[in-house]
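Trainee: Sequence first, then the predicted structure, then my questions.
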Amino acid sequence: MSYDRNRGYGRGRKRSYNNHASKNLKRRGPPTKPVEVGKIYEVDITEITGKGDGIARVQGFIVFIENAKVGNKIRIKVTEVADRFAKATIEV
């Protein structure tokens, strides 16, 4: 019995997946973020981090706010935007 690279033991049949799926994923650009550095937003603080910073969401996007308390409705100024979250300070 000969061993063939494409038919190795335990590999079973070669599966065919939609070749266009990976190309479609690469074509899309990064998702747009609903916040921008330097802009001011009015948010509700819904949670607190372990460090004591407040957590708010702008269109589902997480924003960490220094020295914010749960239940506050405040104006914030975004200082940093990362891929999955943003950081902000309280706007006075």
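Mentor: Great, that's in hand. Numbers count the residues shown, from 1 in each chain.

Trainee: contact partners of stretch 74-92?
Mentor: With C-beta atoms under 8 Å, 6 or more residues apart in numbering as the test, stretch 74-92 has contacts from 30, 33, 35-43, 45, 56, 58, 61-68. No exception for glycine: its C-beta is placed from N, CA and C like everyone else's.

Trainee: got the buried residues for that stretch?
Mentor: For stretch 74-92, the neighbour count (16 or more other C-beta atoms under 10 Å) marks Ile74, Ile76, Val78, Val81, Ala86, Lys87, Ala88 as buried.

Trainee: Widest-spaced pair of those?
Mentor: Ile74 and Val81 (18.5 Å; C-beta to C-beta).

Trainee: and the helix or strand hosting Thr89, which strands flank it?
Mentor: Assigned by DSSP states H and E, Thr89 belongs to strand 85-90. Strand 85-90 has its sheet partners listed here by DSSP bridges as strand 61-65 (parallel), strand 73-81 (antiparallel).

Trainee: Keep only those of the contacts of stretch 74-92 that are in strands.
Mentor: Among these, the residues falling in strands (DSSP state E) are Ile40, Tyr41, Glu42, Val43, Ala56, Val58, Phe61, Ile62, Val63, Phe64, Ile65.

Trainee: how about those residues in JSON lines, adding distance to Thr49 and pLDDT?
Mentor: JSON lines is the format used below for the ones in strands among the contacts of stretch 74-92 (distance: C-beta to C-beta, whole Å; pLDDT from 0 to 100):
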{"residue": "Ile40", "distance to Thr49": "22", "pLDDT": "97"}
{"residue": "Tyr41", "distance to Thr49": "18", "pLDDT": "97"}
{"residue": "Glu42", "distance to Thr49": "20", "pLDDT": "97"}
{"residue": "Val43", "distance to Thr49": "15", "pLDDT": "97"}
{"residue": "Ala56", "distance to Thr49": "11", "pLDDT": "97"}
{"residue": "Val58", "distance to Thr49": "17", "pLDDT": "96"}
{"residue": "Phe61", "distance to Thr49": "16", "pLDDT": "96"}
{"residue": "Ile62", "distance to Thr49": "10", "pLDDT": "97"}
{"residue": "Val63", "distance to Thr49": "11", "pLDDT": "97"}
{"residue": "Phe64", "distance to Thr49": "7", "pLDDT": "98"}
{"residue": "Ile65", "distance to Thr49": "10", "pLDDT": "97"}
